[in-house]
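J.: the following block contains a protein sequence and its predicted model.
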Amino acid sequence: MDATPPPSTLQPSAAKHTRQGSIGRVLPKRPVRGALDISKSPIHTAQASSSLSPSKNSTGNSRLSPNRSSLSYSSNLNNQSPSRIYPSSPGLSKDFSALLHPSLYHTLTPIDIPPPLRNLALQPDTSTSLTDLISSGHFRSAAVKAAQTLTIPGQSLNPGEIFDLVYRRLSCLTLCNQTAIAAQEVKALGDLNSAHYRDVDTGKHLIPWELRLLAVRLQGIGFGDSRRSVMGYYELVDEARLNLSSLKKEVNRNLDEDDVRKAIEREISLWEYRLGELGIRVASALIEMEDSEGATCFLASIQSCPSTRYLLSQRALLHLHLGDIAEAHRCAPDDKLILALSNMAAAQYNDAIKCWEELIDTNPNSKDLALWKQNMAVSLIYLGRLDEARTFLESLLDDDGHTFHALTFNLSTVYELSTERSRALKITLAERVAKVLESNRDRAKEACVPVVGWEKVNSDFKL
């Protein structure tokens, strides 16, 4: 889930809320976004309409932290160097020029961006490199840049460079809420199991693993068949198991060569992690298909797989989404974050607030501090303490300079619950976010550090 994908389908409704007239009535549960949310599957959007309308959440991962999925994703994007992925091989003589045709790539329009955020002053310079655009969180501009680079007439790109640019293009589209467009463009890759994508000498796949993972999900969306994603992941699982089996045999043949053995063991660790990650992705895909029973059975079947702390936390979130709080605790028994989320899942909001306060007080310098504060505000909303929640959320924006998606969405929800004239407040919120982004950019330039969180759409403000 790199949080996330996502941390992917507890998607809050964008319908406008109205204020309850009776003070004595119990506050109904309102759609707010927190770390428990598994984003609405874009599969349903793709099936319901053939238009290329952007989905509200494209990463498909749980919101573990503000921009955690974006930070993880951009890091992966910038680490994919064609020279590292593609050693010299006769298989690279294959022709992939079909992926360079301009007609494959859609034009991105700003119609879904709130007017205050269309200001050219917020946009990066056109000369900014693709790598810098990604690291600074300008995913829409990066998607445009990747397509422009792919379609320059008369240029010569090797397969490694082509697949690297395609991966960045599709990834950035999903990160700027254009999953529907990415799901159309990924069709150009065709059958990923085709011999065309295999090295004729070694049989190894020429497409990098990260692109294959992304393509499996997007093709399931693009072809309107959610089962296609599950089948695609299972094919990758088979490949991972075959590679692990081969590597383990090879390491036994090289016990006396220390350097070779260590290199093989690192490869084994990589494939074991990939196998564990695929398990999380299969379970997530089953949940998106609304097959909760199948997802529960599948998660129970992968208990013996090696897991890192990150994969265990992702698995715990899936169990919470399925309503299995006890199993979530078994996945991460010592994780205070999972404990707090479990209290929220069980509607024990007072206990959840105590957990969030403890995390905030004991870890004041944590990179997840904004996440904890935001989730504490969500608990306050469910308890009907709207004024406190509003103060908490607005301080994250005005005092701390945070602008992540869940924050603006939850603030918009508070406005809808507080007044019948919430639209004006939400438009003002978009203007405030634009000013904060400009201020953050200026400070980042002075400190020579990247800023993320630029991409905003109307749904982030419930407009």
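T.: Cool, got the structure. Residues are numbered from 1 along each chain as shown.
J.: Ile381 and Thr428: what is the separation?
T.: Ile381 is 20 Å from Thr428, where distance means CB to CB, to the nearest Å. (C-beta placed from N, C-alpha, C; glycine too.)
J.: who's more crowded, the two?
T.: A count of neighbours by other CB atoms under 10 Å puts Ile381 above the other of Ile381 and Thr428, at 24 against 13.
J.: gap between that one and Asn350?
T.: 13 Å.
J.: with Gly137 instead?
T.: Between Gly137 and Asn350 the distance is 36 Å, computed by CB to CB.
J.: okay, those two: which has more neighbours?
T.: Gly137 (23 against 9).
J.: just say helix, strand or coil for the more buried one.
T.: Recorded secondary structure, Gly137: coil (DSSP: H, G, I helix; E, B strand; the rest coil).
J.: residues contacting Ser379?
T.: Contacts for Ser379 (CB atoms under 8 Å, 6 or more residues apart in numbering) come out as Met344, Tyr349, Ala352, Ile353, Trp356.
J.: backbone phi and psi for it, please?
T.: Reported as degrees, to the nearest 10, the phi and psi values for Ser379 are phi -60, psi -40.
J.: same question for Leu170.
T.: The phi/psi pair for Leu170 (degrees, to the nearest 10) is phi -70, psi -40.
J.: residue contacts, it?
T.: By CB under 8 Å, 6+ apart, the neighbours of Leu170 are Ala182, Glu185, Val186, Leu211, Leu214, Ala215, Leu218.
J.: nearest spatial neighbour of it, skipping sequence neighbours?
T.: Ala182 (4.8 Å; CB to CB, 6 or more residues apart in numbering).
J.: next: Lys456.
T.: Leu117 is the one closest to Lys456 (CB to CB, 6+ apart), at 5.1 Å.
J.: least confident secondary structure element in this structure?
T.: Least confident helix or strand, the chain: helix 42-48 with a mean of 34, by mean pLDDT, DSSP states H and E.
J.: that older thread, got a markdown table for the contacts of Leu170, with distance to Leu133, secondary structure and pLDDT too?
T.: Converted to a markdown table, the contacts of Leu170 look like this (distance: CB to CB, whole Å; DSSP: H, G, I helix; E, B strand; the rest coil; pLDDT from 0 to 100):
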| residue | distance to Leu133 | secondary structure | pLDDT |
| --- | --- | --- | --- |
| Ala182 | 17 | helix | 97 |
| Glu185 | 18 | helix | 97 |
| Val186 | 21 | helix | 97 |
| Leu211 | 19 | helix | 97 |
| Leu214 | 18 | helix | 97 |
| Ala215 | 22 | helix | 97 |
| Leu218 | 21 | helix | 96 |
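J.: between those, which sits nearest Glu327?
T.: Closest approach between the contacts of Leu170 and Glu327, by CB to CB: Leu214, at 28.5 Å.
J.: thought the closest one was touching Arg169?
T.: No: Leu214 lies out of contact with Arg169 (CB atoms under 8 Å); the separation is 10.5 Å.
J.: tell me which of those two has more neighbours.
T.: A count of neighbours by other CB under 10 Å puts Arg169 above the other of Leu214 and Arg169, at 26 against 19.
J.: wait, the more buried one touches Ser141, no?
T.: No: using CB under 8 Å as the test, Arg169 is too far from Ser141 to be in contact (12.0 Å).
J.: buried set for stretch 107-127?
T.: Residues Leu108, Asp112, Ile113, Pro114, Pro116, Leu117, Pro124 are the ones in stretch 107-127 that count as buried (16 or more other CB atoms under 10 Å).
J.: need the distance between the two termini of it.
T.: Length of stretch 107-127, first residue to last, CA to CA, to the nearest Å: 19 Å.
J.: average pLDDT for it, rounded please.
T.: Averaging pLDDT along stretch 107-127 yields 84.
J.: ditto for stretch 334-342
T.: 93.
J.: buried ones in that stretch, by neighbour count?
T.: Result for stretch 334-342 [16+ other CB under 10 Å]: buried residues Asp335, Leu337, Ile338, Leu339, Ala340, Leu341, Ser342.
J.: gap between the residue nearest to Leu170 and Leu247?
T.: On the measure of CB to CB, Ala182 and Leu247 end up 33 Å apart.
J.: who's more crowded, those two?
T.: Ala182 (29 against 19).
J.: which residues of the stretch 251-400 of the chain fall in helices?
T.: Along the stretch 251-400 of the chain, the segments classed as helices by DSSP state H, counting those that start in this stretch run 258-288, 292-301, 309-321, 325-331, 336-345, 349-362, 369-382, 386-398.
J.: quick check: buried residues in the second one?
T.: Pointing back at helix 292-301 there. Gly294, Ala295, Thr296, Phe298, Leu299.
J.: how about those residues, which pair is most distant?
T.: Gly294 and Leu299 (9.7 Å).
J.: below-threshold pLDDT in the stretch 151-300 of the chain: ranges please.
T.: Judged against pLDDT under 70, the stretch 151-300 of the chain has no low-scoring part.
J.: hmm, I typed the wrong one, I wanted the stretch 1-150 of the chain.
T.: Scanning the stretch 1-150 of the chain with the threshold set as pLDDT under 70 gives 1-93, 120-121.
J.: what do you get if the cut-off is 90, keeping everything else the same?
T.: 1-95, 109-113, 115-128, 132, 135-138 (pLDDT under 90).
J.: ok, and the closest non-adjacent residue to Asn119?
T.: Closest to Asn119 by CB to CB, 6+ apart is Ala434, at 6.3 Å.
J.: in what helix or strand does the one you found lie?
T.: Assigned by DSSP states H and E, Ala434 belongs to helix 422-447.
J.: can you list the helices of the stretch 251-400 of the chain in TSV and add distance to Tyr415?
T.: TSV is the format used below for the helices of the stretch 251-400 of the chain (distance: least, CB to CB, whole Å):
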stretch	distance to Tyr415
helix 258-288	30
helix 292-301	33
helix 309-321	27
helix 325-331	31
helix 336-345	22
helix 349-362	21
helix 369-382	12
helix 386-398	8
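J.: closest one to Ser412 among these?
T.: Closest approach to Ser412 among the helices of the stretch 251-400 of the chain is made by helix 386-398 (9.9 Å; CB to CB).
J.: quick one: buried residues of the closest one?
T.: Judged by neighbour count (16+ other CB under 10 Å), helix 386-398 contains these buried residues: Leu386, Ala389, Arg390, Phe392, Leu393, Glu394, Leu396, Leu397.
J.: wait, isn't the second one in contact with Leu380?
T.: Yes: applying CB under 8 Å, one finds Ala389 in contact with Leu380, separated by 4.0 Å.
J.: what about the helices in the stretch 51-200 of the chain?
T.: Ranges of helices within the stretch 51-200 of the chain are 68-79, 82-85, 130-135, 139-150, 159-175, 179-185, based on DSSP H, counting those that start in this stretch.
J.: same list, those helices, but as TSV with distance to Ser284 please.
T.: TSV is the format used below for those (distance: least, CB to CB, whole Å):
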stretch	distance to Ser284
helix 68-79	13
helix 82-85	25
helix 130-135	24
helix 139-150	22
helix 159-175	14
helix 179-185	15
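J.: alright, that wraps it up for me.
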